[in-house]
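Student: Sequence plus the predicted model coming up.
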Amino acid sequence: AAMPGTGTRGLYRRILRLHRALPAALRALGDRYVKEEFRKHKAAGPAEAQRFLREWEASARRPAENYAALIQQQIHEDKQNLREKTVYGIQLTEEKLNDFRDEQIGQLKELMDEATKPNKKFTISKDSDHKN
């Protein structure tokens, strides 16, 4: 069984539309990552597809714990100038990191390496209290 089509395509398009409001370098990185992740999960089984979609889309129980809702909120805050400098994304908790498979940890490292290359127009904030 594969991921459900219509809702998945709508979510995919919504995320790419949200990315249009991000700084150019962050948008390019985000678009590339989203396209790759959705492509990888195209033929996921029902349980894995459900977990995958839950992380990307809003639900009534967890409205701000997913990518689409979080990015939308941060873009809104940036437009309203509610913060001096908008920081996109969130700090992953140790508990959340422990739930990741080795492959996912590798992907996060690649993403971090790409995002922190010199000459990028955005910054990655580091939590000094975060333990590895």
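Tutor: Happy to help now that I have it.

Student: So in the protein, which helix runs the longest?
Tutor: In the chain, with assignment by DSSP state H, the single longest helix is helix 24-40.

Student: The next helix or strand after that helix to helix 24-40, inter-axis angle?
Tutor: Downstream of helix 24-40, the next assigned helix or strand under DSSP states H and E is helix 46-56. In terms of direction (axes from the mean of the first three to the mean of the last three CA atoms, to 10 degrees), helix 46-56 departs from helix 24-40 by 170 degrees.

Student: What are the buried residues along whichever helix or strand comes after helix 46-56?
Tutor: As assigned by DSSP H and E, the chain's next helix or strand after helix 46-56 is helix 67-79. The neighbour-count check on helix 67-79 (16 or more other CB atoms under 10 Å) flags 67-72, 74-75, 78 as buried. Every residue, glycine included, has its C-beta placed from N, CA and C.

Student: on that earlier part again, can you tell me what sits against the longest helix of the chain?
Tutor: 8, 12, 15-16, 19-20, 22, 52, 88, 111, 114-115, 120-122 (CB atoms under 8 Å, 6 or more residues apart in numbering).

Student: hmm, which of those are the buried ones?
Tutor: Using 16+ other CB under 10 Å, the buried ones in the contacts of helix 24-40 are 8, 12, 15, 19, 22, 52, 88, 115, 122.
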